[in-house]
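Visitor: I would like the atomic coordinates for the input below:
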Amino acid sequence: MKNPEKDVAMRALANGAADAYNAGDFDTVHRLLEQVIETYLHDPDFGGSDVGIMDIMIVMLEGMDDFPRVIEVIRRMSQIIDEAPFRFGLRYFRSLTGSGFHAKLNDFAPRMNRADKGRHVLIACIQKTGSTFLQTAMMMIADCAGPKLGLSYANEENTMHPETVVSLAATNFVAQEHCRATPQNLAIAQGFDMNVVVLTRNIFDSLVSLRDMLAGDTHGSVAALFQDDMKDMDEETQLDAVITRWAHWQLDFYTSWVRAERDGLIACQFWSYEDIMYDKVAAVQEICRQAGIKASPEHIRACVETVDGNKELSRKNVGISGRGRKLMNERQISSIQVMTRFYPDIDFTPLGL
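Guide: Numbers count the residues shown, from 1 in each chain. Predicted coordinates:
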């Protein structure tokens, strides 16, 4: 601290808080650290020489689960050391979740003005839900890119990569990721004001469709470690493998986004594969409207029809509703249905359960 008198007073409070912390007197710790934060943290005299004190404060506040204060200190400390708060890694994401606060754009891109940020759409989707069709149509309508925001590919669970999103922040994009509403994904979606489209499908149909892809020649998922052996499995065993690997993930995926919206952490629009396929033009038009993509009905129709008529662009496969239940036996169907008991507060009707 630049002012010697303030420095002595602030360090006395911080040292007192450390002594109280070691003694287990957390009430005193709270009181003394609150004085430091309220009196000195945002004082212009508070500077780089105080970073060590702030780091100790973070440790003490974390130990008391005072996550709102942790976030406040991290954000101030980031200003002093000229570094984005998200680079505190686990500390940042854990305390953000614990505090119930929303991420801010400056947590990821401190030098970016909100007016300079592009329009960002995230299609968070279960596998085999027509997400490539929807993404391609929206990209064509909005004349924008469709980047990958995570570090993995080919149907794995994805976690959005902060540095990647920061590098794309000034552009418009429609991204498609198989991602749950995890703390990191939620923070990134909040910080960049992403318009989130959650895409689902009847779980029996999506799993059978996924089996078809994995058993084919596309080698569609490096996360399916049994994929190379599928050629030696009968159809029942193939479905058992896919159900074991992905059915529970699909329930987790849907639950995570439903709870995130219900808890006020993110605004989402939920769409099923069945609803989009029923009237593709009307569905895409409404999705674009809610996502803030402005285009004429004629332009939307033309783009949807172009993508829908091109198998390479849409990457649609069989897509017959009800096919999943017909190809699964009663044991397999029951094994999926029984998993819903783990989520008593969730209505899985959109997944056909």
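Visitor: can we go C-alpha only for contacts and neighbour counts from here?
Guide: Will do.
Visitor: Low-confidence ranges, the stretch 51-200 of the chain, go.
Guide: 152-156 (pLDDT under 70).
Visitor: how about stretch 193-205 as CSV, C-alpha atoms only?
Guide: The C-alpha coordinates for stretch 193-205 follow below in CSV (Å, rounded to 0.1, in the frame of the first residue of the first chain):
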residue,chain,number,x,y,z
ASP,A,193,-24.4,-13.6,-22.7
MET,A,194,-24.8,-16.7,-24.7
ASN,A,195,-28.3,-17.5,-26.1
VAL,A,196,-28.6,-21.1,-25.1
VAL,A,197,-30.7,-23.6,-27.1
VAL,A,198,-31.0,-27.0,-25.3
LEU,A,199,-31.7,-29.7,-27.8
THR,A,200,-33.1,-33.1,-26.7
ARG,A,201,-34.7,-36.2,-28.3
ASN,A,202,-36.6,-39.3,-27.3
ILE,A,203,-33.9,-41.1,-25.4
PHE,A,204,-34.7,-44.5,-27.0
ASP,A,205,-34.5,-43.1,-30.5
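Visitor: Contacts only, for the most centrally placed residue in the chain.
Guide: Centroid check for the chain by CA atoms, centre = their mean gives N185 as the closest residue, at 2.6 Å. Neighbour list for N185: T159, M160, C179 [criterion: CA atoms under 8 Å, 6 or more residues apart in numbering].
Visitor: ok, and the most crowded of these?
Guide: Within the contacts of N185, most neighbours by other CA atoms under 10 Å means C179, with 24 neighbours.
Visitor: any idea how far F26 is from the closest residue to it other than its chain neighbours?
Guide: Spatially, and ignoring its direct neighbours in sequence, C179 is nearest to N158 (4.9 Å; CA to CA, 6 or more residues apart in numbering). Noted for N158: a distance of 39 Å to F26, by CA to CA, to the nearest Å.
Visitor: Ok, V198 next?
Guide: Using CA to CA, which is the criterion applied here, V198 is 43 Å from F26.
Visitor: More neighbours: which of the two?
Guide: Shown here are V198 and F26; by other CA under 10 Å, V198 has more neighbours (23 against 18).
Visitor: Can you tell me the SS state at that one?
Guide: strand (DSSP: H, G, I helix; E, B strand; the rest coil).
Visitor: correct me, but it touches I123?
Guide: Yes: look at V198 against I123 with CA atoms under 8 Å: they come within range, at 6.0 Å.
Visitor: one step back: what about the residue nearest to C179, neighbour count?
Guide: 20.
Visitor: swap in M112?
Guide: M112: 14 surrounding residues under other CA under 10 Å.
Visitor: tell me the secondary structure for it?
Guide: Per three-state DSSP, M112 ends up coil.
Visitor: Quick check: closest non-adjacent residue to it.
Guide: Once flanking residues are discounted, M112 sits nearest to N106: 7.1 Å by CA to CA, 6+ apart.
Visitor: in a helix, that's where that neighbour is, yeah?
Guide: Yes: under three-state DSSP, N106 sits within a helix.
Visitor: Okay, it and I188: tell me how far apart.
Guide: On the measure of CA to CA, N106 and I188 end up 11 Å apart.
Visitor: Give me the more crowded residue out of the two.
Guide: Neighbours per residue (other CA under 10 Å) separate N106 from I188, with I188 holding more: 25 against 17.
Visitor: Can you list the buried residues in whatever helix or strand C303 lives in?
Guide: Using DSSP states H and E, C303 sits in helix 297-308. For helix 297-308, a neighbour-count test (16 or more other CA atoms under 10 Å) marks I300, R301, A302, C303, V304, T306, V307, D308 as buried.
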